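1. 3D model of this:
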Amino acid sequence: MVYKYQVTPAMPYGLLEEFAVTNYIDFSKLGSGEIKLRTWKYFCGENMVTLTFGLDAYEEENMGIQEVAMEFYDNQGVAAVYHIENKASYSGQFTEIIPLNGSTRKSNMNATNGDTTYIHCGTTLDRYTDGCLVWDGTIEAGNPAFPTDPDVNPLTDNVTHEPIYYMNDCGTLYYGMLYLVKIIVKYCPIDVLGNYDTSNDSNFRIFYRWMWTTTMYNDNYYQVEDFNELPFELTLDANLKYETTSDYYYATFDYDSPENLM
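-> Residues are numbered from 1 along each chain as shown. All right, here's what the predicted structure looks like:
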């Protein structure tokens, strides 16, 4: 039996249909250990992202979800880790407010996941300051050093070969960036006292999604359940400029798919 339900927020002047959340419970899967990522969509503002995240989680006996950790990757590696914690149940949809550009600080937005603490090379600094990243061409340099391959990503000053200092901004996401998000559902054994054994990570579930911190997808926010399956519409706008006078003339034409031309 599948039980479907919908939750709609209400105000004195009526129901907010656009914020309605539909979910279901498949009783045939109870205790099966099946965990699926069902919803991934977000609304992006200048200084924050409103993320709607949904799981179907049918936990086995003596097993539970300690947290969901989201590692955001850019071209350097992990830029930040966002933690969804302390949920009575992780089966359903959750709305999270993720800050951008360091506009606010949240305790569940940091540079740590388990026993691993990440570093991230941010803007350059004029001089050494506590906690900054230092690079002079060798991984032994600095306190701490920024570990990278100088042949692949040289960070030394090409002229003076002097050390370069970088702000360690791990734990901060920025507007206008494309991030690969590694979603780690920490599904692990749980004892009678409710303690989770996260050292046993053999049952962790891992999913991947993209997050582009731009307003491009805002129009699709309430219509599409998972941005991993966005129906893109491809158009081409070509501007033709004719400089006959001081004014310009622009013309456009609609893009036609090559498949339609065959």
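2. residue contacts, the residue nearest in space to the middle of the chain?
-> Geometric centre of the chain, nearest residue: residue 181, 4.4 Å, by C-alpha atoms, centre = their mean. Each residue near residue 181 by C-beta atoms under 8 Å, 6 or more residues apart in numbering is listed here: 70, 71, 72, 73, 208, 209, 210, 211. Any C-beta I mention is one placed from the backbone N, CA and C, and that applies to glycine too.
3. And for residue 230?
-> Residue 230 neighbours (C-beta under 8 Å, 6+ apart): 217, 220, 224.
4. Next: residue 113.
-> Residue 113 makes contacts with 69, 71, 78, 81, 184, as judged by C-beta under 8 Å, 6+ apart.
5. same check, this time on residue 30
-> Applying C-beta under 8 Å, 6+ apart, the residues contacting residue 30 are residue 58.
6. From here on, call the first residue 15.
-> Sounds good: first residue 15 from here, last item residue 44.
7. so how far is residue 72 from it?
-> 6 Å (C-beta to C-beta, to the nearest Å).
8. what's the answer for residue 24, then?
-> 30 Å.
9. now the chain, which segments are flagged as low pLDDT?
-> Scanning the chain for pLDDT under 70 picks out 32, 38, 41, 43, 45, 150-176, 245-276.
10. how about residue 89, what does it touch?
-> Residue 89 neighbours (C-beta under 8 Å, 6+ apart): none.
11. Which residue lies nearest to residue 30 in three dimensions, sequence-adjacent residues excluded?
-> residue 23 (4.7 Å; C-beta to C-beta, 6 or more residues apart in numbering).
12. I'd say that neighbour and residue 109 touch.
-> No - the pair residue 23 / residue 109 is not scored as a contact, 11.2 Å apart, by C-beta atoms under 8 Å.
13. So residue 42 belongs to a helix, correct?
-> Yes - counting by DSSP: H, G, I helix; E, B strand; the rest coil, residue 42 is part of a helix.
14. and the gap between it and residue 199?
-> Distance of residue 42 to residue 199, computed by C-beta to C-beta: 21 Å.
15. Among the two, which residue is more densely surrounded?
-> Using other C-beta atoms under 10 Å as the criterion, residue 42 and residue 199 rank with residue 199 on top: 22 against 9.
16. Of residue 24 and residue 72, which one has the most company?
-> Neighbours per residue (other C-beta under 10 Å) separate residue 24 from residue 72, with residue 72 holding more: 17 against 9.
17. Is the more buried one in contact with residue 105, as I believe?
-> Yes - the criterion here is C-beta under 8 Å, and residue 72 meets it with residue 105 at 7.2 Å.
18. which residues are in contact with both of the two?
-> Counting by C-beta under 8 Å, 6+ apart, nothing touches both residue 72 and residue 105.
19. Please name the residues that touch the nearest residue to residue 226 once chain neighbours are set aside.
-> Leaving aside its sequence neighbours, residue 226 sits nearest to residue 192 (C-beta to C-beta, 6+ apart; 4.9 Å). Going by C-beta under 8 Å, 6+ apart, residue 192 touches 88, 224, 225, 226, 227.
20. Can I have the buried ones of those residues as a ChimeraX selection?
-> Burial among those is assessed by 16 or more other C-beta atoms under 10 Å; the matching ChimeraX selection reads:
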select :225,227
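21. In helices, which of the contacts of residue 192 appear?
-> Of the contacts of residue 192, none are assigned to helices by DSSP state H.
22. okay, the contacts of residue 192 in TSV with distance to residue 31 next?
-> Shown next, in TSV, are the contacts of residue 192 (distance: C-beta to C-beta, whole Å):
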residue	distance to residue 31
88	37
224	28
225	26
226	27
227	27
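23. Residue 207: which of the contacts of residue 192 is nearest?
-> residue 225 (36.1 Å; C-beta to C-beta).
24. didn't the closest one look like it was pressed against residue 63?
-> Yes - counting by C-beta under 8 Å, residue 225 sits close enough to residue 63 to count as a contact (7.3 Å).
25. overlap in contacts of the two?
-> residue 56.
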